[in-house]
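Asker: got a predicted structure plus its sequence, pasted below:
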Amino acid sequence: MKKKELLIYTVILMLVISACSRQMHTEKDRQEEKTAGQTLTPLRVAVQPYYISSAVGYVMEKGLDKEFGLELIPVEYPSGAEQIVDIEKNQYDVATVGAAFLYPLVENKGVVIGEHICSTGGDAIYVRNGSSILDVKGFNPTYPEVCGDLETVRGSKILMNVNTTQQYLGMKWLESIGVKKSSVKLAYGTFEDNYDRFLKGEGDIAVLSAPYSYRAEKEGFQKAADTRSLHTEIYEVILATKEAHKEKRDELVRFMECLLYANEMLEADQEKKIEACGNWYKSQGQKVSRENLEAECKDKLLVTRENYEVGQFGDFEMKYAEYMAAIGNIPPIGLPNVEANVDRELFQEAFAGGEN
């Protein structure tokens, strides 16, 4: 009897293995069929070791780029500040970047062709526990949840990353509480460097982005303001070099179609999104806790055809440019260049492409 049961179990196990094998081969065959006979076009993508490039990481991990006739080649940078330095050096074709996009547009060196993340959360301004800044809340009634005023902030040393959404948020916070740049000391560094320096006791205030903002709260630092309390909507954008925009139009549209395809898959399955984000951080040598991954994936929506109105594309770029011109960070004469270097047509075409 036992031999008979063992035989039956063995047969069932073999059938299961065979079925799984067939399923794996079917998936492999499907991928091969979609790319059979295709000549893949290389496209160099400037990426950062953060959430901003996690969907690109997922595309490469799963080979989705090949389904769109592309071979994505990652070019790694620590942040957007370094990406824009290289924009005319032929190091990459397209980049996933934050607020650093503005300066190439002003100087007529790059073109924003799309938006791929709505970063409504994750960026915040932190002070040390017991700071007098926390004693003043709602100084400006337009921002009732924001802490600080001129008296409590004057002379403070503020850590932030130049030419990024950190700088944008930090400058908007200072403006909201009536503090001019000349009244504080600004110290610039990378995202990680700013966090480490603040943790070690340097500076009075730090403008931090995820995942460092989540870590700061666990260390007991207090939030003085964030994107929501400052009524600020921030988008991460897709920035093309002038050369790629001129010579690789079709590839850029396919890249954005591919990214939308990946975004829609990830937003439809939060567990898959968290896993993809974690895999990207891990591939970049970063350890991020499950709790922080969940928070970032919740705070920052990937742009999809369901949660984004393509007709709004370009609004954020112009509002941001006008704000930066108003506070003296860019010359007002550069605003027409910003408008001219936001290509709405390519993103609309990618949106109209539907699922591959």
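Answerer: Great, that's in hand. Since the structure is predicted, the reported quantities are computational estimates derived from the model, not experimental observations. Numbers count the residues shown, from 1 in each chain.
Asker: CA atoms for contacts and neighbours, from now on please.
Answerer: Noted.
Asker: checking Val112 next. Helix, strand or coil?
Answerer: Put simply, Val112 is strand when judged by DSSP: H, G, I helix; E, B strand; the rest coil.
Asker: who does it bridge with?
Answerer: In this entry, Val112 is beta-bridged to Leu239, Val342, by DSSP bridges.
Asker: just the pLDDT for the closest residue to Leu260 other than its chain neighbours.
Answerer: Of all residues not flanking Leu260 in the chain, Thr304 sits nearest, at 5.9 Å (Cα to Cα, 6 or more residues apart in numbering). We have a pLDDT of 97 for Thr304.
Asker: tell me the centre residue of this structure?
Answerer: What sits nearest the mean C-alpha location of the chain, by Cα atoms, centre = their mean, is Ile52, with 2.3 Å.
Asker: and it, that one's in a helix?
Answerer: Yes: counting by three-state DSSP, Ile52 is found in a helix.
Asker: give the contact list for it.
Answerer: Thr96, Val97, Gly98, Ile117, Glu236 (Cα atoms under 8 Å, 6 or more residues apart in numbering).
Asker: and those residues, which is closest to Tyr308?
Answerer: Closest approach to Tyr308 among these (Cα to Cα): Ile117, at 9.9 Å.
Asker: for the closest one, list each beta-bridge partner.
Answerer: Going by DSSP bridges, Ile117 is paired in beta bridges with Glu236, Leu302.
Asker: ok, and the closest non-adjacent residue to Ser79?
Answerer: Gln48 is the one closest to Ser79 (Cα to Cα, 6+ apart), at 5.7 Å.
Asker: need the contact list for the one you found.
Answerer: With contact taken as Cα under 8 Å, 6+ apart, Gln48 is in contact with Glu76, Tyr77, Pro78, Ser79, Gly80, Thr96.
Asker: what's the pLDDT at the fourth one?
Answerer: This points to Ser79. Note for Ser79: predicted pLDDT of 88.
Asker: measure Glu202 to Ile125 for me?
Answerer: 15 Å (Cα to Cα, to the nearest Å).
Asker: picking up where we left off before, does the residue nearest to Leu260 lie in a helix or a strand, and which?
Answerer: Counting by DSSP states H and E, Thr304 is held by no secondary-structure element, helix or strand.
Asker: which residues touch it?
Answerer: His116, Leu260, Asn263, Glu264, Glu267.
Asker: then Ala225?
Answerer: Per Cα under 8 Å, 6+ apart, neighbours of Ala225: Ala124, Ile125, Tyr126, Glu145, Val146, Cys147, Trp173.
Asker: please repeat the previous calculation with a cut-off of 7 Å.
Answerer: Ala124, Ile125, Val146, Cys147 (Cα atoms under 7 Å, 6 or more residues apart in numbering).
Asker: how is this structure divided into domains?
Answerer: The chain breaks down by automatic domain parsing into domains covering 40-119+234-352, 124-226.
Asker: can you give me how far the last one is from the chain middle?
Answerer: Taking the mean C-alpha point of domain 124-226 and that of its whole chain, the gap between them comes to 20 Å (Cα atoms, centre = their mean, to the nearest Å).
Asker: show the end-to-end separation of that domain, please.
Answerer: So domain 124-226: terminal residues 4 Å apart, Cα to Cα.
Asker: kindly report the same for stretch 159-166.
Answerer: 9 Å.
Asker: what about it, average pLDDT?
Answerer: 85.
Asker: show me what that stretch is in contact with.
Answerer: 80-81, 98-100, 123, 167, 186-191, 194, 203, 205-209.
Asker: go on, stretch 124-132?
Answerer: Residues contacting stretch 124-132 (Cα under 7 Å, 6+ apart): 152, 204-209, 213, 220-227.
Asker: now tabulate the contacts of Ile52 in JSON lines and tack on distance to Gly63 and neighbour count.
Answerer: Listed next are the contacts of Ile52 as JSON lines, based on distance: Cα to Cα, whole Å; neighbours: other Cα atoms under 10 Å:
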{"residue": "Thr96", "distance to Gly63": "18", "neighbour count": "26"}
{"residue": "Val97", "distance to Gly63": "22", "neighbour count": "28"}
{"residue": "Gly98", "distance to Gly63": "25", "neighbour count": "24"}
{"residue": "Ile117", "distance to Gly63": "21", "neighbour count": "25"}
{"residue": "Glu236", "distance to Gly63": "23", "neighbour count": "23"}
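Asker: from those residues, which has minimum pLDDT?
Answerer: Minimum pLDDT for those is recorded at Gly98 (90).
Asker: what residues are up against that one?
Answerer: Gly98 neighbours (Cα under 7 Å, 6+ apart): Gly80, Thr164, Thr165, Glu236, Val237.
Asker: what's the ChimeraX syntax to select whichever of the contacts of stretch 159-166 are buried?
Answerer: A single ChimeraX command is used to select the members of the contacts of stretch 159-166 judged buried by 16 or more other Cα atoms under 10 Å:
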select :80,81,98,99,100,123,167,186,190,191,194,203,205,206,207,208,209
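Asker: filter the contacts of stretch 159-166 down to the ones in helices?
Answerer: Secondary structure assignment by DSSP state H places Gly80, Ala81, Gln167, Phe191, Asn194 of the contacts of stretch 159-166 in helices.
Asker: my guess is the first one contacts Ala100, does it?
Answerer: It refers to Gly80. Yes: counting by Cα atoms under 7 Å, Gly80 does reach Ala100; the two are 5.5 Å apart.
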